[in-house]
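K.L.:
sequence unavailable; structure follows:
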């Protein structure tokens, strides 16, 4: 059955290729740091499931020691010039979109197909979307390679060009997810829940609703993830006050509470895959540029969620 | 209180603009130690969590295809396509993408967009081209603002669309949590409750995108002699 382990081997092979190509790129003054960083990451992908967790931890710490001081370098793989790109775009026209759109199209088709009973057992149903997305990458390559008459190493070099623009930030989302797990194991959520419980606003329904929605947003900003904030804030404020004391509707509380957390996600660098990674991918000078663009929407929506919850939660 | 030291490390580290990988790792180690784990146990816990979350980083495998297509002029083609549509402005284009992204996310099709697959190769260059069609060459600051808004449109549309779908992770989390506390709700009830916020998000962000067009026109008119 195709599941995460197969994807990890594919990912590991990709990162290993990046490490090898980085080592051979003399134009990058920090090429050995890049080689070590992506090599360690490749090892984590290829062997992570089979080695002790202590060794996995040491791999992470070694990666951070490489990239955490002075960052990584940027290689300069040979790519096309602006003039060549303009010429190629004019010659190929809209055919260029075909491979690009093949990725989401395959992801979509696979998500449905792999869940059908006739194909049961082929792909892990829990990972159907991710497997289909990666399958889409191979479909896109199968279309693009002959169309562009590309050499086998070309996609890897171009992939390295993009991965180098993102740099260490590419690993940050995974690292933050791991931090969340350590927070949970150390009981951070429970402590916050206790504190929130002690500061509970008395009496007013509006105060209870606002404490819950703003608490969700703020705790999400700290954790980088509304999923981590939800159980803590709901156990600390949502259930005891809004539902039990004031008789609010739990479904409305839960749904709008989660959406208040999403407002926090829009405002925090801790939500790296939504805010920091795109800033790197789009080569923004300001690491927080995407957050700045989102901030007004996030604040207005947080107020709107508070108003909506106050208006609806006690009515049903 | 002691485990909260890790949160302080994160806040101070990010504010001091230290390398985030370093900040997160130090925060994890400090939190574990403060929470009563031994040094070996902390490293094991962190290593295990890192290993189990590798699926988050698998998506980088799309980069070779995107890079290959960029080399062949994908961004240029996206730009010239939008450049031909005189009605396209930055705000209108991003609003159209916003609506498509929110609608597909509401149907559970969250993998149809994304920063690496859609925003960098297609949406951001299209938005820049729409601005160039109307205003000529862009100053660098404006280009950066437009790109940031392309990424923001993707995020906002996704976050406030996906909860309308009944089988998305966040809906299942809410249902599961309430169930543990003895409250049974149907996923459909929860997803219906996400609709008002989704409408407000469309109105608020849509308005901001229309205002962005005005701001671009004003700033660029001032910048020109």
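P.N.:
Right, received. Where do you want to start? All of these numbers come straight from a predicted model, not from anything done at the bench.

K.L.:
now the helices for chain B?
P.N.:
Under the criterion DSSP state H, chain B carries helices at the ranges B:5-15, B:20-34, B:39-52, B:63-71, B:74-83, B:90-106, B:124-135, B:140-162, B:169-180, B:187-193, B:195-223.

K.L.:
can you add distance to residue A:193 and mean neighbour count and give those helices back as CSV?
P.N.:
Every C-beta, even on glycine, is put in place using the N, C-alpha and C of the backbone. Listed next are the helices of chain B as CSV, based on distance: least, CB to CB, whole Å; neighbours: other CB atoms under 10 Å in any protein chain shown:
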stretch, distance to residue A:193, mean neighbour count
helix B:5-15, 14, 17
helix B:20-34, 16, 23
helix B:39-52, 21, 21
helix B:63-71, 40, 25
helix B:74-83, 48, 21
helix B:90-106, 30, 22
helix B:124-135, 41, 22
helix B:140-162, 24, 24
helix B:169-180, 13, 17
helix B:187-193, 22, 20
helix B:195-223, 25, 17
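
K.L.:
to residue A:156, which of those lies closest?
P.N.:
With CB to CB, the closest approach to residue A:156 among these belongs to helix B:63-71: 5.8 Å.

K.L.:
and the contacts of the closest one?
P.N.:
Residues from elsewhere that reach helix B:63-71 (CB atoms under 8 Å, 6 or more residues apart in numbering or on different chains): A:14, A:79-80, A:85, A:96, A:99-100, A:103, A:137, A:140-141, A:144-145, A:148, A:150, A:154-163, B:74, B:116-117, B:120-121.

K.L.:
now stretch A:191-208
P.N.:
A:211, A:215, A:219, A:232-233, A:235-237, A:240-242, A:245-246, A:310, A:314, B:1, B:3-4.

K.L.:
check stretch B:14-25 too.
P.N.:
Against stretch B:14-25 from outside (CB under 8 Å, 6+ apart): A:60-61, A:63-64, A:67-69, A:71, A:168-169, A:171-172, A:175-176, A:178-179, A:269-270, A:272, A:276, B:9-10, B:13, B:46.

K.L.:
flag the shaky bits of chain B, pLDDT-wise.
P.N.:
Where chain B drops to pLDDT under 70, the residues are B:1, B:224-225.

K.L.:
gap between the most centrally placed residue in it and chain A?
P.N.:
The centre of chain B sits closest to residue B:155, judged by CA atoms, centre = their mean, with a distance of 3.3 Å. Shown here: residue B:155 relative to chain A, a distance of 5 Å by CB to the nearest CB, to the nearest Å.

K.L.:
contacts only, for that residue.
P.N.:
Taking CB under 8 Å, 6+ apart as the criterion, residue B:155 is in contact with A:265, A:266, A:274, A:275, A:278, A:290, A:294.

K.L.:
mind running it again at 6 Å?
P.N.:
Shown in contact with residue B:155 (CB atoms under 6 Å, 6 or more residues apart in numbering or on different chains): residue A:274.

K.L.:
low-confidence regions, chain A specifically.
P.N.:
Using pLDDT under 70, chain A drops low at A:200-203.

K.L.:
okay, now the domains of it?
P.N.:
As assigned by automatic domain parsing, chain A contains the domains A:82-150, A:187-312.

K.L.:
would you mind finding the most buried of those?
P.N.:
Looking across the domains of chain A with neighbours counted as mean count of other CB atoms under 10 Å in any protein chain shown, the highest average goes to domain A:187-312: a mean of 22.

K.L.:
tell me where the stretch 151-300 of chain A has strands.
P.N.:
Per DSSP state E, counting those that start in this stretch, the stretch 151-300 of chain A carries no strands over any range.

K.L.:
find the centremost residue of chain A, please.
P.N.:
Nearest to chain A centroid, counting by CA atoms, centre = their mean: residue A:273, 3.6 Å.

K.L.:
ok, back up a step: columns distance to residue A:192 on top of the helices of chain B, output as CSV?
P.N.:
Formatted as CSV, those follow (distance: least, CB to CB, whole Å):
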stretch, distance to residue A:192
helix B:5-15, 9
helix B:20-34, 12
helix B:39-52, 19
helix B:63-71, 37
helix B:74-83, 44
helix B:90-106, 29
helix B:124-135, 37
helix B:140-162, 22
helix B:169-180, 16
helix B:187-193, 24
helix B:195-223, 24
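
K.L.:
ok so, going back, the residue nearest to the centre of chain B and residue A:7, how far apart?
P.N.:
Per CB to CB, to the nearest Å, residue B:155 is found 24 Å from residue A:7.

K.L.:
and stretch A:89-101 with chain B, contact?
P.N.:
Yes - with CB under 6 Å from any CB of the partner chain as the criterion, chain B is reached by stretch A:89-101 at A:89, A:96, A:100.

K.L.:
measure how far that stretch is from the centre of its chain, please.
P.N.:
The chain centre lies 28 Å from the centre of stretch A:89-101; the measure is CA atoms, centre = their mean, to the nearest Å.

K.L.:
cheers, nothing more for now.
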